[in-house]
Structure formats: C-alpha cells, structure tokens
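1. sequence first, then the predicted structure:
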Amino acid sequence: MKIGLDIRKTDHLHYITSDDTCSRCRRKIPDDDIPLRFWPKSDRNYMLIYCDNCIDEVVYPIEDD
C-alpha cells in the first residue's frame with residue numbers, strides 16, 4: 001500500500017524548533033506526544049508536525065493498480 005500526503009500552503013512550518021502546535025489546526029501538542037513529524041528534504045531546518053485529529057486529513061491511502 002502507498003500513502004498520499006496533503007500538505008497545504010496554509011500549514012504552518014516550524015523553523016528549527018517547534019512551538020508545540022499542530023501545523024494544520026494549531027492545537028497545542030506536547031513535544032514528547034507528537035504523532036506525526038515531517039522534515040522537508042530540501043531544507044531540514046523546517047518541520048511540519050500534526051496532531052492525532054489532523055493525521056487523517058494529511059495522510060491517506062492510495063490504492064495500488
């Protein structure tokens with residue numbers, strides 16, 4: 001199974017450190033409880049983090065042909 005990602009231009013990028021908020025909904029997330037984190041390959045100083053409520057909007061399955 002493959003996965004797709006819905007990263008939006010409106011998602012908040014964290015630079016170098018996290019402000020402990022979800023990149024999508026901005027809900028507070030304790031740093032040791034972040035369920036999903038991405039670092040863009042082009043610049044590892046940036047990071048996207050997502051809470052449990054937003055994961056289903058960001059990551060979705062793609063059916064194999």
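-> Sure, I can see it.
2. got the buried residues for stretch 5-22?
-> Using 16 or more other CB atoms under 10 Å as the test for burial, stretch 5-22 gives 11, 14, 22. Where C-beta positions appear, they are placed from N, C-alpha and C, glycine not excepted.
3. which members of the residues you listed occur in strands, if any?
-> residue 14 (DSSP state E).
4. can you tell me which of the buried residues of stretch 5-22 is nearest residue 46?
-> Residue 46 has its nearest neighbour among the buried residues of stretch 5-22 in residue 14, at 6.8 Å by CB to CB.
5. and that closest one, what does it touch?
-> Applying CB atoms under 8 Å, 6 or more residues apart in numbering to residue 14 gives the contacts 23, 46-49.
6. which of these sits closest to residue 3?
-> Distance ranking of the contacts of residue 14 against residue 3, using CB to CB, places residue 48 first at 14.8 Å.
7. in three-state terms, label the closest one for me.
-> strand (DSSP: H, G, I helix; E, B strand; the rest coil).
8. for the buried residues of stretch 5-22, give me JSON lines that also has pLDDT.
-> Formatted as JSON lines, the buried residues of stretch 5-22 follow (pLDDT from 0 to 100):
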{"residue": "11", "pLDDT": "95"}
{"residue": "14", "pLDDT": "93"}
{"residue": "22", "pLDDT": "95"}
